[in-house]
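> Predicted model and sequence follow; I will ask about them next.
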Amino acid sequence: MSNPDSFIDEVSEEVRRERLFVLLRRYGWIGILLVLVIVGGAAGYEWRQSRLAAQAQARGDALLAAQVEADAETRTAALARIAQEAPDAVVPALTLAAEQVAAGDGTAAVATLDALAANGEVPEIYRDLAAFKSVLIDADRTPEDRLLALEALSVPGAPFRMLALEQIALVQLGMGEREPALERLAAILEDAESSADLRDRAASLMVALGETPDSVTGAADAQ
């Protein structure tokens with residue numbers, strides 16, 4: 001390579017370096033900022049995860065401490081504090097409701113379960129569980145209201161659909177609606193989602209009503 005060519009290459013390289021230096025001086029702060037954001041975001045995420053883990057640990061310790069309290073009122077009060085501090089914590093709320101039922105305070109238990117069922121921050125399966133338990137223990141609810149609540153829990157895909165169908169049949173029997181109740185029981189027997197225990201209960205109830213499961217399911221198929 002001739003000296004003029006070498007000189008031109010050196011000048012071009014120097015110009016490129018100078019341009020790069022200018023660009024770094026002008027826009028280098030953006031790269032630094034991005035690095036800081038990434039590092040800061042990662043640190044923030046780790047801090048949040050650590051904080052959540054610490055809160056969960058503290059809540060678990062408090063829950064265990066509450067459950068070993070010998071006095072029922074003290075135990076219930078401790079559980080109520082935990083549930084109030086973390087309204088989206090499922091286990092404390094369900095434990096509190098069970099304690100309230102054991103203490104004979106069904107009204108308070110229903111209120112606890114209804115609050116959990118209405119909490120949009122709680123996963124749907126736990127909201128449905130709370131709603132289902134509330135229906136079971138709410139002595140003040142009319143049969144019509146029970147049916148409405150249970151129908152909402154028995155839609156296809158609902159996690160407690162089959163248990164809700166069983167309760168619907170029981171409510172209908174209590175209302176004197178024998179045929180609709182038998183249809184519900186037949187549906188339980190035919191549904192692949194039904195557990196063996198649930199099928200046994202449905203079949204036993206049919207027999208107690210003077211019906212054979214085969215005759216009822218056959219009639220339902222014919223309709």
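Yep, it's here.
> Low-confidence regions, this structure specifically.
1-16, 18, 20-24, 27-29, 31-34, 36, 40-72, 86-88, 215-223 (pLDDT under 70).
> Try it again at 90.
1-96, 98-99, 102-103, 121, 139, 211-223 (pLDDT under 90).
> ranges for the helices of it?
3-67, 72-85, 90-102, 106-117, 124-137, 143-153, 161-174, 178-190, 196-208, 213-222 (DSSP state H).
> residues touching the closest residue to Arg146 other than its chain neighbours, list them.
The shortest distance from Arg146 to any non-neighbouring residue, by CB to CB, 6 or more residues apart in numbering, is to Val171 (5.0 Å). Every residue, glycine included, has its C-beta placed from N, CA and C. Counting by CB atoms under 8 Å, 6 or more residues apart in numbering, Val171 makes contact with 143, 146-147, 150.
> Any of these buried? List them.
146-147, 150 (16 or more other CB atoms under 10 Å).
> how close does Ala186 sit to Pro213?
Computed as CB to CB, to the nearest Å, the Ala186 to Pro213 distance reads 7 Å.
> Give me the common contacts of those two.
Met206.
> Can you pick out the residue with more neighbours from those two?
Ala186 (24 against 20; other CB atoms under 10 Å).
> thinking that one is in contact with Glu211, fair?
No - Ala186 lies out of contact with Glu211 (CB atoms under 8 Å); the separation is 9.2 Å.
> tell me, how many neighbours does the nearest residue to Leu113 once chain neighbours are set aside end up with?
Spatial nearest neighbour of Leu113, chain neighbours left out: Ser134 (4.0 Å); criterion: CB to CB, 6+ apart. Neighbourhood size, Ser134 [other CB under 10 Å]: 22.
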